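**Q** Structure for this input, please:
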Amino acid sequence: MSGQNTVIPSAEGLVASVNATKTRGLPPVHLWNPPFCGDLDMRIARDGTWFYEGTPIGRPALVKMFSSILRRENGKYFLVTPVEKVGIVVDDAPFVAIDFNAAGTGVDQDLTFTTQVDDVVVAGVHHPIRVKRDSETGEPSPYVLIRADLEALIDRKSFYRLVDLGVHHEGWFGVWSGGAFFGIIPSVELE
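**A** Numbers count the residues shown, from 1 in each chain. Okay, the predicted model is just below:
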């Protein structure tokens, strides 16, 4: 290995890189184009729990920091710093919407979602809600776009609350937010 510097990806190395580039708000991961350094033994479970080397990461501030450098490319997930890019595994969506607030009604309604890592977005044209159905069971999995191709799975209690706010519109049962209508399921209003 003459003259070649091999770096083994580690969570500690990522933390050091992020701390060296501390900025206000989210880091500009979309501007960073570092070389791919391999996969890291890190996984985000469907319930939003982050694991490193098979062990849950128990420090919320660390999970929040890692979530701020997450990027999705061609269906794969990476943690990105100015100097390295490492692959991680995401079981479903990288975030979980654990709650929402509703303000207004009908077309003027705004649904503001909060994730397990404190991201906050108002569902609308730039943050759409979508519902995917399991082809075998028909069970719905609702999502809201958080940022740059990264979605949050809307937790069950919040989804039930969304259904309570649902209305019929142009052959669909769904919800309004941010001036946009998001269909949950096709429906027919009873006459």
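
**Q** Not counting its neighbours along the chain, what's nearest residue 56?
**A** Setting aside the residues directly before and after it, residue 56 is nearest to residue 49 in space (Cβ to Cβ, 6 or more residues apart in numbering), at 5.4 Å. (C-beta placed from N, C-alpha, C; glycine too.)

**Q** For burial, what's the neighbour tally of the one you found?
**A** The tally of other residues near residue 49 (other Cβ atoms under 10 Å) stands at 15.

**Q** How about residue 45?
**A** Residue 45 has 14 neighbours, counted by other Cβ under 10 Å.

**Q** show me what contacts it?
**A** Applying Cβ atoms under 8 Å, 6 or more residues apart in numbering, we find residue 45 in contact with 51, 91.

**Q** Could I get the buried residue list for stretch 73-87?
**A** For stretch 73-87, burial by neighbour count (16 or more other Cβ atoms under 10 Å) applies to 77-87.

**Q** Can you pull the poorly scored residue ranges out of this structure?
**A** 1-24, 188-191 (pLDDT under 70).

**Q** change it to 80
**A** Counting by pLDDT under 80, the chain contains low-confidence residues at 1-25, 188-191.

**Q** So which residues of it form helices?
**A** For the chain, the helices defined by DSSP state H occupy 11-20, 60-68, 156-165.

**Q** From the chain's centroid, how far away is the shortest one?
**A** When you say that, I think you mean helix 60-68. Between the centre of helix 60-68 and the centre of its chain there are 13 Å (Cα atoms, centre = their mean, to the nearest Å).

**Q** distance between stretch 151-169 and the chain's centre?
**A** Counting by Cα atoms, centre = their mean, stretch 151-169 comes out at 16 Å from the chain centroid.

**Q** Kindly report the same for stretch 173-189.
**A** Stretch 173-189 has its C-alpha centroid displaced from the chain centroid by 21 Å (Cα atoms, centre = their mean).

**Q** cool, stretch 159-173 as well?
**A** That offset, for stretch 159-173, works out to 22 Å (Cα atoms, centre = their mean).

**Q** repeat for stretch 93-105
**A** Relative to its chain's centre, stretch 93-105 lies at 12 Å (Cα atoms, centre = their mean).

**Q** go on, stretch 146-166?
**A** Distance, centroid of stretch 146-166 to centroid of chain: 11 Å (Cα atoms, centre = their mean).

**Q** Repeat that for stretch 25-36.
**A** With Cα atoms, centre = their mean, you get 17 Å for stretch 25-36.

**Q** List the buried residues in it.
**A** Buried residues in stretch 25-36, defined by neighbour count with 16+ other Cβ under 10 Å: 27, 29, 32.

**Q** Do me a favour and get the end-to-end distance for it?
**A** Start-to-end span of stretch 25-36 (Cα to Cα, to the nearest Å) is 24 Å.

**Q** Not counting that stretch itself, show me its contacts.
**A** 18, 21, 68-71, 78, 80-87, 147-148.
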